[in-house]
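Undergrad: give me a model of this one.
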Amino acid sequence: MFRSHETVAEGTPNFFGDGYSNWRMFERHLAHPWYHVVLEERLEGTVWPRTMMISDVDMLEEILSQQTSEFVVTEIQVVTPGWMNKAGKWIMEGLSGLLVGYDSTGRRVCLHNINDEKAYTDAPGILIDAHSLKGMRVIF
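TA: Numbers count the residues shown, from 1 in each chain. Predicted coordinates:
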């Protein structure tokens, strides 16, 4: 999850619509992947580009399930911590696929396909055989 302190709030709440606030900064304390999502929203014949920073797979799945001809996800990038991408630092890369399954202990495991070239798992320090996962489903 992301969080922000009220001291970094910017401008007038609800300026861009009911329930919206603007923040100059947000934090993330857990070193888990998150998603940078670009979409197009059509309102009254005009296409509005939007960018979302999504903190987890469940929210990403919810956004993807809400797509219509008026609300279309056009790009997803995953931002991975160094332990996950083996580069030792945070990296943002194109996401070409995302699978979720469960290992033998019932723990949820996410498999991120990166630009159709490599794959990352969110199971720290554990080698995962994708074929051994149960209940595998495609998120993206």
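Undergrad: elements contacting the longest helix along the chain?
TA: What stands out as the longest helix in the chain, according to DSSP state H, is helix 57-65. Helix 57-65 is packed against strand 34-43, strand 46-54, strand 71-80, strand 91-102, with contacts defined by 3 or more CB pairs under 8 Å, 6 or more residues apart in numbering; DSSP states H and E. Heads up, the C-betas are built off the backbone N, CA and C, glycines and all.
Undergrad: and that helix, which residues are buried?
TA: Buried residues in helix 57-65, counted by 16 or more other CB atoms under 10 Å: 57, 60-61, 63-64.
Undergrad: that one versus strand 71-80: what angle between them?
TA: On the basis of axes from the mean of the first three to the mean of the last three CA atoms, to 10 degrees, helix 57-65 is oriented at 160 degrees to strand 71-80.
Undergrad: just how off-centre is helix 57-65 within its chain?
TA: 8 Å (CA atoms, centre = their mean, to the nearest Å).
Undergrad: my guess is Leu133 contacts Asp103. True?
TA: Yes - assessed by CB atoms under 8 Å, Leu133 is found in contact with Asp103 at 6.2 Å.
Undergrad: so where's the chain uncertain?
TA: Within the chain, the segments meeting pLDDT under 70 span 13-16.
Undergrad: ok, the residue nearest the centre of it - contacts?
TA: For the chain, Tyr35 is the residue whose C-alpha lies nearest the centre (CA atoms, centre = their mean; 2.4 Å). Residues in contact with Tyr35 (CB atoms under 8 Å, 6 or more residues apart in numbering) are 52-55, 60, 76-79, 95.
Undergrad: who wins for neighbours among these?
TA: In terms of neighbours by other CB atoms under 10 Å, the contacts of Tyr35 top out with Val78 at 28 neighbours.
Undergrad: who's that residue bridged to?
TA: In this structure, Val78 bridges to Tyr35, Glu93 when assessed by DSSP bridges.
Undergrad: quickly note the distance from it to Asn85.
TA: For Val78, the distance to Asn85 (CB to CB, to the nearest Å) stands at 9 Å.
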